[in-house]
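whatever this is, show me its structure:
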Amino acid sequence: MESNDNHSNIKKALNEKSGFQVWWRLLRPHTLTASFIPVFVGTMIAYMDGSIHFFVFLAMLIASMLIQSATNMFNEYYDFVRGLDTEESVGIGGTIVRDGVAPKTILRLALIFFGISILLGVYICIMSSWWIAVIGLICMLFGYLYTGGPFPIAYTPFGELFSGFFMGTVIIGISYYIQTDVLTGDVIWLSIPIAIFIGTIMLSNNIRDLDGDKESGRKTIAILLGRENAITFLAILFISAYTLTLIFIGLGMLPIISIITLVSAIKARQVIKQFRGKTKPLEMMPAMVATGKTNTMYGLLLGLSLLVDTLLM
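Down below sits the predicted model:
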C-alpha cells in the first residue's frame, strides 16, 4: 500500500505543469559541477600522463553525479524531518515543503541513485581495482552522514573540510587511479585547489544561511566566525587556491597554459563584493551562485589547459 502511495506521489508531481522543474530542482543542478569538475580534472591529469579510457571516465562521471544528487536528496529529507526547511526557506529544492512530494519518496530516490552508483562502481572496479569499492562506499557513507545520522557533519564546523576532501581530493585521486592504476603525490597536491573551491561552495551556503542555522542550533564555521569574518575567510580561501595554482605552474607540475585559470578570479572577486554588506538570504543568492560558477570556471579551464597542452605536445 505504501509502495502504491509512493508511486502516486511521483506520478502526481510529474503530471503537474511544472513537474519536470520539481525534480530538476531536487537535484540542485547548480551543485552538480562540484561532482563533474573533480572527475574531469582527475581524468585530464591522467590523460596528461598518457592514459585514458573513455567508458571508465563516463562511468565515474555518472556515478559521482548520482552520489552528489543523492546527497542533495538526503539533505532535503533530513532538513525537513528536523523541521529546518519551510516554504520560505531559500536555496533548497523545496520538493517536500513547496511541491508536496512525500519525504519517503525523496529518501527512496536517493537510495536508488546510490544503488545505480554501486552498479557503476562494480564496472569501474572490474576495469581497475576492487579497492575502489571500499573507497567508494566510504564516500557514499559520508555523503549520507553529511546531513543524515545522529551527528550531521553539515551542522558542524567541519562541513567545508569534509566536502572539499571527499569531493575534491578523493574523487580526483580515484579518477586518476582508475585510468593509470597508480596514484602519485603530484595528483594529491594538484587536487588541493579544487578541494578548496568545493569547500567555498559550502562556506558560501553557510554564510547565506547563517541566521537560520544559528536558530536551529548548528555550529558551522560561518556561525563561529561571524558573517563578516566568514566572508574574509572565503576571500582567503580563494587567494590560497590561486596562489597554489601559480606555485604548481612555477614548479612545472602544471603547464604554463594553466595560467588561464586565473580568469576565474574575476568571478571570485565578484562573490566577495556581492556578499559584503548583505544580511538577507535572498540578497546573498547571487553571491552563492557566483561561487559555484567560480568552481566551474576554474575546473573547466584547468582541465582544458591540461587537454590542450597534452594534444600540442
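
which residue packs closest to the residue nearest the centre of the chain, ignoring adjacent ones?
Taking C-alpha atoms, centre = their mean as the criterion, residue 34 is the residue nearest the geometric centre of the chain, at 3.4 Å. Counting by C-beta to C-beta, 6 or more residues apart in numbering, residue 198 is the residue found nearest to residue 34 once chain neighbours are left out, at 5.1 Å. (Glycine included, C-beta is placed from N, CA and C.)

surely that neighbour touches residue 163?
Yes. Using C-beta atoms under 8 Å, residue 198 is in contact with residue 163, at 5.8 Å.

who touches both of the two?
With contacts defined as C-beta atoms under 8 Å, 6 or more residues apart in numbering, the residues shared by residue 198 and residue 163 are residue 34.

looking at those two, which has the bigger crowd around it?
residue 198 (28 against 24; other C-beta atoms under 10 Å).

next, give phi and psi for that one.
The phi/psi pair for residue 198 (degrees, to the nearest 10) reads phi -70, psi -40.

if I look at it, how far off is residue 63?
17 Å (C-beta to C-beta, to the nearest Å).

what about the helix or strand hosting residue 299, distance to the chain center?
Taking DSSP states H and E as the definition, residue 299 sits inside helix 281-312. When distances are taken as C-alpha atoms, centre = their mean, to the nearest Å, helix 281-312 is centred 12 Å away from the chain's centroid.

and for stretch 162-176?
The answer for stretch 162-176 is 10 Å, by C-alpha atoms, centre = their mean.

please work out the average pLDDT along it.
For stretch 162-176, mean pLDDT rounds to 93.

can I get it as CSV, trimmed to CA atoms?
This file holds the C-alpha atoms of stretch 162-176, laid out as CSV (Å, rounded to 0.1, in the frame of the first residue of the first chain):
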residue,chain,number,x,y,z
PHE,A,162,34.9,17.0,4.6
SER,A,163,33.1,18.1,1.4
GLY,A,164,36.3,19.6,0.0
PHE,A,165,38.4,16.5,0.9
PHE,A,166,35.9,13.8,-0.3
MET,A,167,34.5,15.6,-3.4
GLY,A,168,37.8,17.2,-4.3
THR,A,169,40.9,15.3,-3.3
VAL,A,170,39.4,11.8,-3.1
ILE,A,171,37.4,12.0,-6.3
ILE,A,172,40.3,13.4,-8.3
GLY,A,173,42.5,10.7,-6.8
ILE,A,174,40.1,7.9,-7.8
SER,A,175,39.5,9.4,-11.3
TYR,A,176,43.3,9.4,-11.8
